[in-house]
Structure formats: C-alpha cells, structure tokens
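Novice: heads up, no residue letters with this:
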C-alpha cells in the first residue's frame, strides 16, 4: 500500500514532544493520516515492513524509553464528530430509566477527547460530562476505558469500528465484544499475551486499531451526580441532577486542584498545535490561568510541573477479601469484581503510597546529593511527574522505589496504568 494520499509527515519529533509527561526518545518516522483509508494504509505499511508500530493518541497514558524508537508512530489526524440520529433504537428511542431520548453520536478516533465532551454538552447531550478534562483522544478512551468521578466511557459506548491488524479487515465491535473492565478492554488486552507481557507481534499497539467510536447519549441538559467528592464540590447530594455544563465546569475545577489536567501550553509545541481544536486550546489556556493551583514547587521546577504526568500512574489494586483483610483497618475499601468474576475488594493506591511513606512532593536523592528531576506531584500522590527536564529513567527509578515500598509495607504489588514502551518497572 502507499501512504502518499491524505497523509501529513513531520520531521523527527521525540516522544517528549508528544506525551503529557514530556519524556521519551526520538522517533524514526512520525505520520498523521488525514483519512480513514490513510490510517489503515499507514498501519498496514508498517506491519508489512516488520517495523515497530505505535499508534498514539494524546500521549497521556504512556511512558516511553529515552532510547530512539526505530519504527513508525501514527497519530490519526481525523477529528470529525457526527450526530447520526435524534432517537437511537431503544425502547422507542427512549431511555427506560430517565425517559430521555437517546442519540447516537460518532467521533473519529483522532478527535481530542475533551473537545468531544465539550461538543456533546453544547449539543444538549448527556453521558460523558463527568469525564471532562481527561487528556487523550476518542480512540484511546475506549482502549483504556477511561473513568473518573463515578463514570466510565464504557457506560456510553455503543460500538467501535476497528482495523484488525491480523485478519486485515475492518469491522464493528459492540459493547459485549469490547469486554470493558477496570481501565481495560479487549482492545488493550490484544497487545499482551499475558497480563503485563507484551505480544511481540502487536505491542505497543493493539491488534485492533480504533478508527471511530459510536456513543449512545441522552438528549438532556442535566445529569445525575454519582460521585461523593463531586457532589460535595457542587453542594448537592449523590443522586441529585445538575446541569451538565455545571458538572463539567466543576470536574475541571476539581481536576485542576489536583494537577490532573494536562498543561495547556503543550499545544504551543509544533507537533501538538493541530491535535486539539482552536477553541479547545483557547478555553484550556483560559481555564489554566483561572484555575491553576500552584503546588509546592522547588527550585528548578517548571511552573506547571504538577501537570507533567501520565495522570494516575498506578491502578487501584483489586484484592481478594483475604488479601484486603491484611490491610490496616483504616485503609479505604470498595466493592470490586475479580478477573474470575468473583467478589473482590478495591484498595486505594493513593492511600497505600502515602502510608508507605511516599508523600506528595516526594523525590529520590541522586548520587550527587541533588534531588531527582522526577517526583510525586505536590498535589496528588498518584501522579509521577516530570519536575523539569527529567528522563524516562528518572520516572522509572521513582516508580520502582514506590512499588517496592508499598509491597514491603502492605504486601500489595502496584501495577502501572500507562503503557510502558521500551522500559520496565520490574526490578
């Protein structure tokens, strides 16, 4: 196949230019297909040539080695959002619980996730407002099954169109096919041959490359507040209804207070400037100026250091009841489901990290006595941050220290949430 049509090709960016944490080595070839056919061609050309392939979204959930990536990085440049119908098939096109009309909305995989959320709210649609401010793209959202404040993207997905790299065909996966779980899906699992063990034939890109996602949303300007922290911030009770625009605004404010929004200034980077809508960039910069919470910055830290992260670096561990019973009595516990379908207990990774002695702002000391350029966010214990010009190796050293410390303290091994490319946090 030829990649000459509908394709933008940039000169030698690094993963540090493309990721929210701002680390990672050089890239041999970086392409941005601008049509559905060109996306498939770019992926297929790399596969046929036997080259390593990395399909990247917003670069928000990945940690990449400092070494050169001698393969092809593909970033889908398509960002169209389309309302397919005004009453999606259901019980006469009506949600059985709320009575709201259902609406199908399709978005291309390269669409910036927060642009999508903002647009649906402007259209008077409800369903994804609690997921406001999560960095990344629509395509990546379903691979990871992003979630926050009582919501997961799985709750709103109708189907996903994919390119199957093995069978060389496109097809649609419905909700049941996607096998969504806590921060995972069949899409994500397809690049591993066992948990945490890369499938060499596909990794670091899933077997199934997302082309577009169809969502089923409600035609409503109000949504139900389902998370206690968000309800408290809004001054309402869990279960109360609130305007979706107000929910979005409060979610963005709460995320800002934790440093859990991306640094909007990354879009001044020439490799990022077209990956988010102009209105979206302007809005993000304005809100960053209004809501930015300056944590405990140390000498040499960049101004927005607390936002230079992969988001939550560790997943909340899902334990058996017997494992959870070994935790201190005051350790938070939540109902969860184990991989085999039995009842389990979700522990708080943030609590475990903090109570193992790794507090907000923690940094390792270097051999020269100076503090490492990587550290825990001064606003959120779960975020490992690039304080200023850190390397991937600095982040890895910090992650290993935390994993070992939590295991020594509680017998629980934390699992990283980001995709690790060319690196391992195992000692």
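Specialist: Yep, that arrived. Here the structure is a predicted model, which is why all the values come from computation and not from measurement.
Novice: list the buried residues of stretch 312-332.
Specialist: Neighbour-count burial for stretch 312-332, counted by 16 or more other CB atoms under 10 Å, picks out 312-319, 323-324, 327, 331. For every residue, glycine as well, the C-beta is placed using N, CA and C.
Novice: in strands, which of the residues you listed appear?
Specialist: Judged by DSSP state E, strands contain the following of the buried residues of stretch 312-332: 318-319.
Novice: list phi and psi for residue 231.
Specialist: Its backbone dihedrals place residue 231 at phi -60, psi -40, with angles given as degrees, to the nearest 10.
Novice: right, and it touches residue 241 too?
Specialist: No. With contact defined as CB atoms under 8 Å, residue 231 and residue 241 do not form a contacting pair (11.3 Å).
Novice: strand partners (parallel or antiparallel) of the top strand by length along the chain?
Specialist: Counting by DSSP E, the longest strand found in the chain is strand 208-219. The strands that strand 208-219 pairs with in its sheet are strand 102-108 (antiparallel), strand 125-126 (antiparallel), strand 157-164 (antiparallel) (by DSSP bridges).
Novice: would you map the strands across the stretch 301-427 of the chain?
Specialist: Counting by DSSP state E, counting those that start in this stretch, the stretch 301-427 of the chain has strands at residues 318-319, 333-337, 343-347, 363-365, 371-376, 384-386, 419-421.
Novice: any chance of these in CSV, plus mean pLDDT and distance to residue 294?
Specialist: Output for these, formatted as CSV (pLDDT from 0 to 100; distance: least, CB to CB, whole Å):
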stretch, mean pLDDT, distance to residue 294
strand 318-319, 96, 35
strand 333-337, 93, 31
strand 343-347, 96, 31
strand 363-365, 93, 18
strand 371-376, 95, 15
strand 384-386, 98, 14
strand 419-421, 97, 30
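Novice: between the ones you listed, which gets nearest to residue 222?
Specialist: Comparing the strands of the stretch 301-427 of the chain against residue 222 with CB to CB, the closest turns out to be strand 333-337 (26.7 Å).
Novice: re the thing from before, can you list the strands paired with strand 208-219 in a markdown table and add mean neighbour count, mean pLDDT and distance to residue 135?
Specialist: Listed next are the strands paired with strand 208-219 as a markdown table, based on neighbours: other CB atoms under 10 Å; pLDDT from 0 to 100; distance: least, CB to CB, whole Å:
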| stretch | mean neighbour count | mean pLDDT | distance to residue 135 |
| --- | --- | --- | --- |
| strand 102-108 | 22 | 97 | 16 |
| strand 125-126 | 26 | 98 | 21 |
| strand 157-164 | 21 | 99 | 19 |
